[in-house]
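J.: I'll drop the sequence and a predicted model, then ask my questions.
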Protein chains: 4
Amino acid sequence: MKNITIISAFIIAISFGQAFGQMVPEPRATEVWGKEPVKVTPGENGSPPSDAIILDHSAWESIDGGENKWDNQDGVMTIKPGSKDIRTKKSFGDVQLHVEWRIPELGPEFKDQDRGNSGVYLQQFYEVQVLDSYTNKTYNNGQAGSLYKQYIPLVNATKPAMEWQTYDIIYTAPHFGKNGTVISPARMTVLHNGVLIQNNVSLLGPTVYIGAPAYEPHGNLPIYLQDHNHKVSYRNIWVREL
Amino acid sequence: MKNITIISAFIIAISFGQAFGQMVPEPRATEVWGKEPVKVTPGENGSPPSDAIILDHSAWESIDGGENKWDNQDGVMTIKPGSKDIRTKKSFGDVQLHVEWRIPELGPEFKDQDRGNSGVYLQQFYEVQVLDSYTNKTYNNGQAGSLYKQYIPLVNATKPAMEWQTYDIIYTAPHFGKNGTVISPARMTVLHNGVLIQNNVSLLGPTVYIGAPAYEPHGNLPIYLQDHNHKVSYRNIWVREL
Amino acid sequence: MKNITIISAFIIAISFGQAFGQMVPEPRATEVWGKEPVKVTPGENGSPPSDAIILDHSAWESIDGGENKWDNQDGVMTIKPGSKDIRTKKSFGDVQLHVEWRIPELGPEFKDQDRGNSGVYLQQFYEVQVLDSYTNKTYNNGQAGSLYKQYIPLVNATKPAMEWQTYDIIYTAPHFGKNGTVISPARMTVLHNGVLIQNNVSLLGPTVYIGAPAYEPHGNLPIYLQDHNHKVSYRNIWVREL
Amino acid sequence: MKNITIISAFIIAISFGQAFGQMVPEPRATEVWGKEPVKVTPGENGSPPSDAIILDHSAWESIDGGENKWDNQDGVMTIKPGSKDIRTKKSFGDVQLHVEWRIPELGPEFKDQDRGNSGVYLQQFYEVQVLDSYTNKTYNNGQAGSLYKQYIPLVNATKPAMEWQTYDIIYTAPHFGKNGTVISPARMTVLHNGVLIQNNVSLLGPTVYIGAPAYEPHGNLPIYLQDHNHKVSYRNIWVREL
């Protein structure tokens, strides 16, 4: 008798299932199977994961098109003042970028924007400022970790000159529509020495020195490092294409 | 024999179900039942829906704290030059705002920012520019539909002076964190005469006349309408709290 | 004497200007001039603006590749049950889409998802549900204005059957990265009869009937209208490419 | 003569400046001075920055309200199976959270979700999955680094069992509006062992085991760690309020 009830219940369930889909245990219904995420072997303490592109001295060229004229010693690139900005030979879109940088020793006569000034430009136009902001005063939207003249860092996580510092940058490239309108802006998240200083902020356009920013449409572009005439050093730069 | 198989299958299914949740038809598993969305009776052609707060002449006060000194005739408010900005008596956060505005007839001597200038400020600080931008030239980030000096409209959907125009604005208030940092910025989507001109853009801070914008933390605040000494008219203003 | 002071001041200012940029009146410094936004003539009350593509009967084809078999009378397309879904001949990315739809008169025996069911699919996969949700109960994430099984509408702004209703949809297409990962999801803002019901929400993937959504990378794709065997009507459909 | 010209030019400039604001060097016009970002001393290699709250054994309580019953040795907390989930005594909103976790040694008989299962819940409801996903197969939206049943990680950056792994999580709390509607969803960015696996994704609601997610409004809430009957260990957990 019980069997018949069970069988009936089962037949009802089956019919129900035929009309509205298969019967499944509830939790199974929301599992996603299929192509698995690609495996990546992580690095240790900021060292490159297995899918990173290493941006050592040879990955860069001068913005005049010639060779990278920055100093290169033991994996450390140091700006030779006047040697001009450098850019990656390869162009990029959306990336995770790791950069380590160091401000040189400087006398107290170097102040404001004239103290350890350089910059990391995503897609050529969008700068994360590099500066000695340990005790050095400057305008807030121009200190280390600012997205130059657009976003002041949430906190000042700067270390003193002569110590290595890190930027971990998550960059989403802008998309452009008909007539060059902006569909989605460039966005950045930045950790400075492991501390969140920019949280998915939307850029208004290139990080310009003069005037209000306004976008010009573009596709993939190189990463730039700025020669601002100060002997700032860089090492262990790597980038993951997202 | 078949029955036994079915019963066995069923028992397995039941056991499986007990371990991992009830058996359900797959589509049922992703339905959400519960508290239903509130019912709203929509208006016709921009007229207020049933849950809107009507912002007629009596809903506003002068920014000097006194009465709204703007002209009020047949449901149309018109700026009396010099009567000062007005603001809603009530403060708001996230809203959908509908505004109709009309540029007065003006001679060709009125130009640039001096032609039908007014503005709709969400939470006091974030302006959608009102201006005659039908053929009148001005800076792009100051034309009608710009988020003043931050976002140029995607297209220019302006009608001629003397015609009623609409703004449908979706406004998300900014949120602030520890020490006044910005957790999420003010965002706006704007339809101008039914045409999308701002698509969920993130404001850098107040829409200032001078300098780079920077946020100061705030809570709910009134909506403002600007007296810029031009006889711009407004009607059928309503707001829905989100 | 005074002249000399002025001249000195001026020379200092000029020198300062030469070092740090031109002298400008502060407000001028943040104006953006340049290529002006394209002019668009707006429509009235939902009628198409000048830059819209009209999606009348001839703009659609059957999903079997043949002609659009839906009924076509006086600019109104009505589903012939069994005539299959239709899709635009043209493919789209980011768009503003205006759709007007009407539920037919139906007896009380039509209930739940079986009452005026159809749907507007952006890029084939992302559905804004069409249903009679005036008094008809169904699961919240399947009622009119839901992004099917993902986003419940903020409010229920439905009109009764036999009345024309509008959807104004702002759609941002998803972008995909290396290995098909999602860089930015599909996003939608929807006004239903002028009332905000979806505010820039991020889709998890296609709006599937069964299971958890998961993206598959794609480029531009047609808009679809669903034949769910109910005589739902459509008119005045237009789209603007963003 | 030249002087007169200069003076005239200067007077014109001054007049211009009086009408339109002060004269400034262009770059100065877009500097933001004022309250400086708070100084934070960063840690090294994931160690806590100076403004972090340390979440050691004493910062947690059992979800039954009593003491944290997890094992505590040399700064390492290890789940005692059956000792129940733990939650922070303090409630949180927007945070940066650092967590280190380790999967115990396990025989091959432990598989799928039954292999090193635990979880980090932001605001009680939003889980970043902890699991041995080194070679262990499970559903993609349930593997380590998934936002459980909503977001599959961009890549699989898992290390083998017995090795310490890190999550660096940037969490933005949801905001709710009138009638409990969602104004802005919970958002997460996650780095797994330094590799970006979640990029500012928007959660649909709590990360539920069964069914489709749907939000219930809430304010600040504790962080939870899950006891899923596996001896997963945690150490060096710290959180920064944003």
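T.: Looks like it came in fine.
J.: do you know how far the residue in chain A that chain B sits nearest to is from chain C?
T.: For chain A and chain B, the shortest gap (C-beta to the nearest C-beta) falls at residue A:29, measuring 3.3 Å. Glycine gets a C-beta too; all of them are placed from N, C-alpha and C. Taking C-beta to the nearest C-beta, to the nearest Å as the measure, residue A:29 falls 6 Å from chain C.
J.: That residue in helix, strand or coil?
T.: When classified by DSSP: H, G, I helix; E, B strand; the rest coil, residue A:29 comes out as helix.
J.: gap between it and residue D:112?
T.: Applying C-beta to C-beta, to the nearest Å, the value for residue A:29 to residue D:112 is 17 Å.
J.: do residue A:64 as well
T.: Separation of residue A:64 from residue D:112 (C-beta to C-beta) stands at 57 Å.
J.: same check, this time on residue A:242
T.: Distance of residue A:242 to residue D:112, given as C-beta to C-beta: 29 Å.
J.: coming back round to it: pick out whichever of residue A:29 and residue D:112 has more residues nearby.
T.: residue A:29 (24 against 12; other C-beta atoms under 10 Å in any protein chain shown).
J.: How about the contacts made by the spatially closest residue to the more buried one that is not a sequence neighbour?
T.: Setting aside the residues directly before and after it, residue A:29 is nearest to residue B:29 in space (C-beta to C-beta, 6 or more residues apart in numbering or on different chains), at 3.3 Å. By C-beta atoms under 8 Å, 6 or more residues apart in numbering or on different chains, the residues touching residue B:29 are A:24, A:26, A:29, A:30, D:210, D:211, D:212.
J.: out of the residues you listed, which are inside strands?
T.: residue A:24 (DSSP state E).
J.: In this structure residue A:34 contacts residue D:140, no?
T.: Yes - Residue A:34 is within contact range of residue D:140, at 6.5 Å (criterion: C-beta atoms under 8 Å).
J.: burial measure for residue A:215, as a count.
T.: 18.
J.: give me the element it is part of.
T.: Assigned by DSSP states H and E, residue A:215 falls within no helix or strand.
J.: Could you give the backbone dihedrals for it?
T.: When read as degrees, to the nearest 10, the backbone of residue A:215 gives phi -70, psi 150.
J.: which residues does it contact?
T.: Going by C-beta under 8 Å, 6+ apart, residue A:215 touches A:174, A:176, A:180, A:182, A:185, A:205, A:206.
J.: Same check on residue A:112?
T.: Contacts of residue A:112 (C-beta under 8 Å, 6+ apart): A:136, A:137, A:138.
J.: Tell me how far the second one lies from residue A:126.
T.: What it means is residue A:137. 25 Å.
J.: which of those two has more neighbours?
T.: residue A:126 (28 against 12).
J.: Give me the pLDDT for the more buried one.
T.: Reported pLDDT at residue A:126 in the predicted model: 98.
J.: who does it bridge with?
T.: Per DSSP bridges, the residues bridged to residue A:126 are residue A:122.
J.: in chain A, which spans are helices?
T.: Listed in chain order, the helices of chain A (DSSP state H) span A:2-20.
J.: So, low pLDDT: which residues of it?
T.: Low-confidence segments of chain A, defined by pLDDT under 70: A:1-21.
J.: mind redoing it with 90?
T.: Applying pLDDT under 90 to chain A flags residues A:1-22, A:35, A:44-46.
J.: Could you tell me which residues of it lie near chain C?
T.: Residues of chain A found near chain C (C-beta under 8 Å from any C-beta of the partner chain) are A:21, A:29-32, A:34-35, A:37-38, A:93-94, A:172, A:175, A:177-181, A:183-184, A:209-212, A:214, A:241-242.
J.: Can you turn the buried part of these into a PyMOL selection?
T.: Buried members of those, defined by 16 or more other C-beta atoms under 10 Å in any protein chain shown, are picked up in PyMOL with:
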select buried, chain A and resi 21+29+30+31+32+37+38+93+94+172+175+177+181+183+184+210+211+212+214+241+242
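J.: so of the residues of chain A next to chain C, which ones are in strands?
T.: A:38, A:172, A:175, A:183, A:184, A:241.
J.: Could you work out the most separated pair of these?
T.: Pairwise distances across those (C-beta to C-beta) peak at 27.3 Å, for the pair A:38 and A:183.
J.: Buried residues, stretch A:229-242. List them.
T.: Buried, per 16+ other C-beta under 10 Å, within stretch A:229-242: A:230-242.
J.: before we move on, what about stretch A:110-130?
T.: By neighbour count with 16+ other C-beta under 10 Å, stretch A:110-130 contains the buried residues A:110, A:113-130.
J.: Check stretch A:150-160 too.
T.: For stretch A:150-160, the neighbour count (16+ other C-beta under 10 Å) marks A:150, A:151, A:152, A:153, A:154, A:155, A:156, A:157, A:158, A:159 as buried.
J.: The third one: what's it in contact with?
T.: Same thing as residue A:152. Neighbouring residues of residue A:152 by C-beta under 8 Å, 6+ apart: A:140, A:141, A:143, A:146, B:214, D:32, D:37.
J.: Show me the two of those residues that sit farthest apart.
T.: A:143 and B:214 (13.2 Å).
J.: any idea how far residue A:175 lies from residue B:53?
T.: Distance, residue A:175 to residue B:53, by C-beta to C-beta: 36 Å.
J.: Repeat that for residue A:87.
T.: Distance of residue A:87 to residue B:53, computed by C-beta to C-beta: 54 Å.
J.: Could you see whether chain D lies near stretch A:30-48?
T.: Yes - contact of stretch A:30-48 with chain D (C-beta under 8 Å from any C-beta) involves A:30-43, A:45-46.
J.: circling back to that earlier point, nearest to residue C:201, out of the buried residues of stretch A:150-160: which one, please.
T.: Looking across the buried residues of stretch A:150-160 and measuring by C-beta to C-beta, the closest to residue C:201 is residue A:151, at 25.0 Å.
J.: That concludes my questions; thank you for your assistance.
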